[in-house]
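Engineer: Here is my input; please provide its structure:
(2 chains)
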Protein chains: 2
Amino acid sequence: MILVKNKRKTILWKIVKEKITELIKREISQIEASLQRLTISQHPFINQVSEYVLFSGGKKIRPLLCVLSAKSLNENIRDHIYETSLLFEYLHVATLLHDDVVDSAEFRRGRKAARNLWGNQATILVGDYLYAKALRLASSLEKAEIMHAITETTLLMSEGEILQLLHLDDTYISEASYEEIIFRKTAALLACSCKVGAILGGGTSSQIDGLANYGLKLGMAFQIIDDLIDYTSTETGKDLGKDFREGKITIPVIFTLDSASEEEKKELISLLKKRDPSQQDFQRSVEIIERNGGFQKSFEKAKNFVSQAVESLETVPESAYKDALLYIANYLLERKK
Amino acid sequence: MILVKNKRKTILWKIVKEKITELIKREISQIEASLQRLTISQHPFINQVSEYVLFSGGKKIRPLLCVLSAKSLNENIRDHIYETSLLFEYLHVATLLHDDVVDSAEFRRGRKAARNLWGNQATILVGDYLYAKALRLASSLEKAEIMHAITETTLLMSEGEILQLLHLDDTYISEASYEEIIFRKTAALLACSCKVGAILGGGTSSQIDGLANYGLKLGMAFQIIDDLIDYTSTETGKDLGKDFREGKITIPVIFTLDSASEEEKKELISLLKKRDPSQQDFQRSVEIIERNGGFQKSFEKAKNFVSQAVESLETVPESAYKDALLYIANYLLERKK
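Structural biologist: Have a look, this model is predicted:
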């Protein structure tokens, strides 16, 4: 494939890239048009809260993966695919709403969290509603395989949320536990979005497995990069990483605790455990992680998952949609924010 | 049918009644044995919270209705039905957990509410988990009709929860709105339990509809009786009804506000709106409702739903299981607590 195996001349690459990003934009706008069209509920209040979270500028990555997976196997799939793909956005947003209540979050995607506007009660219940709505949409497909994939995934995810809550203050979380957490938190739903797309696209079982695995590895890479830029994207002297502020142990810290001196370990842990850490505390943590190669190792890990994601697409025939999937995987590694 | 159409001699009736209650007990103990056998999760914490609510002495009415409906159509249905029926208990308990968080409940079924032991966060997430578990169980049946019924019901229920939250302080709730609320809150899930049982029992479409309708009307009667005894079951001078304490408008109040004098209306409303009502306030409300026939009318309404439930079973052939369903409907009206 163009993006991976060869390095073509810059000008050719630019044209290809433009075509791919155009295709992605087109698909996203179709997804968003479907979202506008679909009635969430007959009740204005439910719509108001749902729309607040559904139209909050998220990238609709889960529906996009579902659509691209389906189209990579069947370019002429019916337009119904856009509506169907939204079920993954509903599921995602439902978990965000409950997360925000569980974490007492003040903000989400740069805006006030829904719970700050409508209270915890309504937020829990609208979360339940969107979850039910997603399952309703899924069941209308009348495919046992799809229902199976989705219910298996939501079970994994909700179990993961509980494990995460229980491990909240666990400083010595292993790399394996971290992988388990991000698999359940992020990768499982991305895998499911691709899998359901592949099923709807009429894929063979090896194509379905391939696309599901692509989604899984992409999800792992996606979360690692997310956790990485939580440390590296903040403007110096201006802001603290959210994970650091919350004392959450993510992969850059895990790698650092693995190789740092006893002294540095103790210091990093005490910085992470501080109730109200300062900008200096954050900077100092970044230094310790940087010196121990924590960022570099995290990036390598993400890169490794991206390679695995790309390899998983072997069974998928060449097409503009496959190119888009490959592009998304590689683009991940360029994320700075 | 024995219970409804004729009045046999007391001694004969006693024998019949004993047989039916024996059958019901046997089915409940099979359901409970399944519940003991089934692993909720690999994680001790999730099991601990789930078991706390699942084994809290509830009557397992939803699984029971599912099993009886199935067996009324196919006595030799496989034992798998007991496991399957549990999905309705999971769904029910999931809504109770979220309800308790939404209502900041201190107690549930005479014990501390789960949220009082494990906090709101874990309670929300274990609720999500049990919901996912129920859907997982449902999807393993691989029947689109069942998945459709269940997802439709959970959607109705979660929408109902939100509407109830929004109407919380609404004193002038109509009889129709009340019916809509209790349909979503209670009757829809009972209807679904019977419907799924009927589908699994291989019923014809008129049998499936009949049993679903039985569950629906039973659920309506059940909730009305529940709301009625919230006023009438408390020991005089000792306790206040929960609905009264919370200022919740239920059917005895609705009937009273319909027919009371302006003076009585005002008094009843102001009593219901009191922040911290006394035993005297409660007694006074009971008097006003009693004088206006609010209890009697509520009981008649429940009785009417019970008749409809019984009529709905016309398409179901005579059997001990059908007798049990009829018994449950009639027994409802004898509930005192």
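Engineer: near chain B, which residues of chain A show up?
Structural biologist: Chain A comes close to chain B at residues A:41, A:43, A:45-46, A:98, A:101-102, A:120-122, A:124-126, A:128-129, A:131-133, A:135-136, A:138-140, A:142, A:144, A:147-148, A:150-152, A:154-155, A:157-159, A:161-163, A:165-166, as judged by Cβ under 8 Å from any Cβ of the partner chain. Every residue, glycine included, has its C-beta placed from N, CA and C.
Engineer: Can you say which of the residues you listed are buried?
Structural biologist: A:41, A:46, A:98, A:101-102, A:120-122, A:124-126, A:128-129, A:131-133, A:135-136, A:138-140, A:147, A:150-152, A:154-155, A:157-159, A:161-163, A:165 (16 or more other Cβ atoms under 10 Å in any protein chain shown).
Engineer: where do the strands sit along chain A?
Structural biologist: All strands of chain A, identified by DSSP state E, fall at A:107-108, A:111-112.
Engineer: what does the first one rub up against?
Structural biologist: Think strand A:107-108. With contact meaning Cβ atoms under 8 Å, 6 or more residues apart in numbering or on different chains, strand A:107-108 is reached by A:53, A:56, A:96, A:100, A:113-114, A:116.
Engineer: So, low pLDDT: which residues of chain A?
Structural biologist: Low-confidence regions of chain A, defined by pLDDT under 70, span residues A:1-9, A:168-169, A:234-238, A:337.
Engineer: I'd like the distance between A:Leu23 and chain B.
Structural biologist: Using Cβ to the nearest Cβ, to the nearest Å, A:Leu23 is found at 33 Å from chain B.
Engineer: typo on my end, A:Ile182
Structural biologist: On the measure of Cβ to the nearest Cβ, A:Ile182 and chain B end up 17 Å apart.
Engineer: List the contacts of that residue.
Structural biologist: A:219-220, A:223-224, A:227.
Engineer: redo that, cut-off 7 Å
Structural biologist: By Cβ atoms under 7 Å, 6 or more residues apart in numbering or on different chains, A:Ile182 lies in contact with A:220, A:223.
Engineer: can you pull out the helices in the stretch 101-250 of chain A?
Structural biologist: Assigned by DSSP state H, counting those that start in this stretch, the stretch 101-250 of chain A shows helices spanning A:114-139, A:144-166, A:175-182, A:188-200, A:205-232, A:242-245.
Engineer: Would you format those helices as CSV with distance to B:Tyr178 included?
Structural biologist: Below are the helices of the stretch 101-250 of chain A laid out as CSV (distance: least, Cβ to Cβ, whole Å):
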stretch, distance to B:Tyr178
helix A:114-139, 19
helix A:144-166, 33
helix A:175-182, 45
helix A:188-200, 39
helix A:205-232, 46
helix A:242-245, 45
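Engineer: Ok, which of these comes nearest A:Ile31?
Structural biologist: Nearest to A:Ile31 among the helices of the stretch 101-250 of chain A is helix A:188-200 (11.6 Å), distances taken as Cβ to Cβ.
Engineer: Skipping its backbone neighbours, what lies nearest A:Val286 in space?
Structural biologist: Spatial nearest neighbour of A:Val286, chain neighbours left out: A:Tyr231 (5.8 Å); criterion: Cβ to Cβ, 6 or more residues apart in numbering or on different chains.
Engineer: That neighbour touches A:Leu240, doesn't it?
Structural biologist: No. Taking Cβ atoms under 7 Å as the definition, A:Tyr231 is not a contact partner of A:Leu240, at 9.6 Å.
Engineer: So between the two, which is more surrounded?
Structural biologist: A side-by-side neighbour count of A:Tyr231 and A:Leu240, using other Cβ atoms under 10 Å in any protein chain shown, places A:Tyr231 first with 23 against 18.
Engineer: which residues touch the more buried one?
Structural biologist: Here A:Tyr231 is in contact with A:241, A:244, A:252, A:286, A:289, A:295 (Cβ under 7 Å, 6+ apart).
Engineer: and if you look at A:Lys303?
Structural biologist: The contact partners of A:Lys303, by Cβ under 7 Å, 6+ apart, come to A:Leu333.
Engineer: just to revisit the earlier point, tell me which of the helices of the stretch 101-250 of chain A lies nearest to A:Ile15.
Structural biologist: Across the helices of the stretch 101-250 of chain A, A:Ile15 has its closest neighbour in helix A:205-232 (24.8 Å, Cβ to Cβ).
Engineer: Now the closest one: buried residues?
Structural biologist: In helix A:205-232, counting by 16+ other Cβ under 10 Å, buried: A:207-208, A:210-232.
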